[in-house]
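Engineer: have a look at this fold, sequence not included:
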């Protein structure tokens, strides 16, 4: 894509009771049913002496990751943005965590029979 502007996405998703907010260059429905494929994670450049420990933790967690898959029911929001902000992990979903998860259905009907 020479000469064209690369897209940037902010992805918020739930993982083990925490809300992750990351930036990436690629987002798609992926090849695995029920998962969102996220590629080329982006982390902010350091412009000050202060070190954000949550961003450093996420950088280490995603250090060698080129793409990862998040269950579609764990996605809170995906936005296309102009520039990356801080990446973060918020315990318990943080403020605005009034997100009600959608019911989870399995293919094949009711298993209680």
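Structural biologist: Structure received. This one's a predicted model, so the numbers in the text were calculated from it and none came from an experiment.
Engineer: just the endpoints, please. Distance across stretch 80-91?
Structural biologist: End-to-end distance for stretch 80-91, by CA to CA, to the nearest Å: 24 Å.
Engineer: what residues does it touch?
Structural biologist: Under the contact criterion CB atoms under 8 Å, 6 or more residues apart in numbering, stretch 80-91 has outside partners 7-10, 17-23, 42-44, 52, 54-55, 57-59, 97. No exception for glycine: its C-beta is placed from N, CA and C like everyone else's.
Engineer: I'd like to know how far the closest residue in space to residue 57 that isn't next to it in sequence sits from residue 15.
Structural biologist: Here the nearest residue to residue 57 in space, its sequence neighbours aside, is residue 89; by CB to CB, 6 or more residues apart in numbering that works out to 7.0 Å. Distance, residue 89 to residue 15, using CB to CB, to the nearest Å: 8 Å.
Engineer: again with residue 78
Structural biologist: Remark: distance between residue 78 and residue 15 (CB to CB) = 15 Å.
Engineer: comparing those two, which residue is more hemmed in?
Structural biologist: Taking neighbours as other CB atoms under 10 Å, residue 78 and residue 15 compare with residue 78 leading, 15 against 11.
Engineer: my guess is that one contacts residue 27, does it?
Structural biologist: Yes: between residue 78 and residue 27 there is a contact under CB atoms under 8 Å: 5.9 Å.
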